[in-house]
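Q: only geometry, no sequence info:
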């Protein structure tokens, strides 16, 4: 074992907590893989551990699992899922999964918004101190919108309310979850309609719960994204198996070309 | 055979079923006959223009001048060397080794180059803003980016292009000079800059991946940089 003056020849190096491969045992995030993790941790726990650097308590794990489960919205017509399916249609499911998830990372829709949303919660918490009273939360939200500082976690396309935030709110009540940021989320849900006239969406809940679990803002975005992986996987795998021609090239009748009419270039005498 | 016999079931109503979608997909650049902004490929563009001309046409909607193409060419040449010692090159190498297929090196190389291009533009935000505002006054100082391999541009290069690209001035780095040329040639959107910077490096990245992959994993310095193992600094849950 080497602990001091490593590496010995002055070569460049970097610190890592993530892993080390040994002879009979490996390390992951400071844990012995076979002795401490094997048979004892769920996939959700391993993902949380990989970002948080610690394992979740039983209550936290239940919250994390609800976050993952409620994100199960896998209709192929949802834009990032289109991406996963269409890329995989060319032959490789994993590339489809990766591209689909990249398509909504830190984006304007989907779980990647959780990072900006988590930042908003931190600002709310710093401004109003305690999640107790709805009225100041409503004023804070309205002022934020009026100042065009963005209200991530609000707005839901094609419907008046987000059924997922209803479901997760019910689930958190059943879990008895009363985390600080979740309480801010409940207050924001309560005031949203009157304060800004935009309904809250599930990202608001994800972000608050991820903060309660101890994730930082970037970790919240990453964890929320990772929790959707099953939706991308299902679409990419099915797309890869089907290799449907209509996904690879849309028939011409269904394309409306709205660009330049046919013309000749100057060098062709046009 | 009925839908039911084929294992299909009726689609229930939902928000996406009732949404007011358009019936057809809109296209603006390539028509179903594969013309680009109205110009035929094989009968016109491929006979009369080079790839850089077509790149500019695709991005700007109109063919540029021969001078525009030369400036884009020069910018791409400045940005072309991306080494295996940089993240896009090495990640492409490792991907090609792992997959045993150049496809993986190209895919990973492209993605990594795009990430690098984004970082590079972020660090050059004030310089790009200066260009977009007409390059008036003194150019903002360039960020120090030894890790991104951005030396000061050769005076002879600046001298050669300065008459046609007024924003070029002595002391600019190669990346800044390339950004000046792209701007002068009409590539003025963030997407066009990102594409040009990524595109410029793909050749060297893929070539290094192909050459290095022949050495195999045992020929790759897997402990360079080396790792220093950190002890966990956060406690696990209490229950």
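A: Everything's here; your move. Because the structure is a prediction, the values reported are computed rather than measured.
Q: got the contact list for the closest residue to residue A:32 other than its chain neighbours?
A: Spatial nearest neighbour of residue A:32, chain neighbours left out: residue A:25 (5.4 Å); criterion: CB to CB, 6 or more residues apart in numbering or on different chains. (Each C-beta comes from the backbone N, C-alpha and C, glycine too.) In this structure, residue A:25 makes contact with A:32-35, judged by CB atoms under 8 Å, 6 or more residues apart in numbering or on different chains.
Q: look at residue A:25 and report its pLDDT.
A: If you check residue A:25, the pLDDT there is 97.
Q: what do you get for residue A:2?
A: In this prediction, residue A:2 has a pLDDT value of 52.
Q: quick check: domain ranges of the chain?
A: You didn't pick a chain, so chain A it is. Residue ranges for the structural domains of chain A, counted by automatic domain parsing, are given in the record as A:15-55, A:57-248.
Q: switch to chain B, please.
A: Structurally, chain B divides into domains by automatic domain parsing as follows: B:29-64, B:66-135+B:149-215.
Q: give me the residues contacting the host helix or strand of residue A:88.
A: Per DSSP states H and E, residue A:88 falls inside helix A:79-89. The contact list for helix A:79-89 (CB under 8 Å, 6+ apart) reads A:74-76, A:95-97, A:99-101, A:103-104, A:107, A:109-110, A:231-232, A:235-240, A:242-244, A:247-248.
Q: which of those are buried?
A: The neighbour-count test (16 or more other CB atoms under 10 Å in any protein chain shown) applied to the contacts of helix A:79-89 identifies A:74, A:76, A:95-97, A:99-101, A:103-104, A:107, A:110, A:231-232, A:235-240, A:247 as buried.
Q: restricting to the residues you listed, which residues neighbour chain B?
A: Counting by CB under 8 Å from any CB of the partner chain, residue A:95 from the buried ones among the contacts of helix A:79-89 sit close to chain B.
Q: and residue 41, how many neighbours?
A: You didn't say which chain, so I picked chain A. Burial of residue A:41 is recorded as 18 neighbouring residues (other CB atoms under 10 Å in any protein chain shown).
Q: hmm, no, I was thinking of chain B.
A: The number of residues packed near residue B:41 is 14, by other CB under 10 Å.
Q: what sits closest to it if chain neighbours are left out?
A: On the basis of CB to CB, 6+ apart, the spatially nearest residue to residue B:41 that is not a chain neighbour turns out to be residue B:34, at 5.4 Å.
Q: pLDDT at residue B:159, what is it?
A: 95.
Q: from residue B:125, how far out is the spatially most central residue of chain B?
A: In chain B, the C-alpha nearest the mean C-alpha coordinate belongs to residue B:198, at 2.2 Å (CA atoms, centre = their mean). From residue B:198 over to residue B:125 the distance is 18 Å, taken as CB to CB, to the nearest Å.
Q: likewise for residue A:266?
A: When CB to CB is applied, the distance between residue A:266 and residue B:125 equals 36 Å.
Q: and stretch B:93-113, how far out from the chain's middle?
A: Its chain's C-alpha centre and that of stretch B:93-113 lie 15 Å apart, by CA atoms, centre = their mean, to the nearest Å.
Q: can you check stretch A:96-111 too?
A: 8 Å.
Q: who's in contact with the helix or strand of chain B with the lowest mean pLDDT?
A: Within chain B, confidence by mean pLDDT, DSSP states H and E is lowest for helix B:15-18 among all helices and strands, at a mean of 90. Applying CB under 8 Å, 6+ apart, the contact partners of helix B:15-18 are A:75, A:77-78, A:157-159, B:11.
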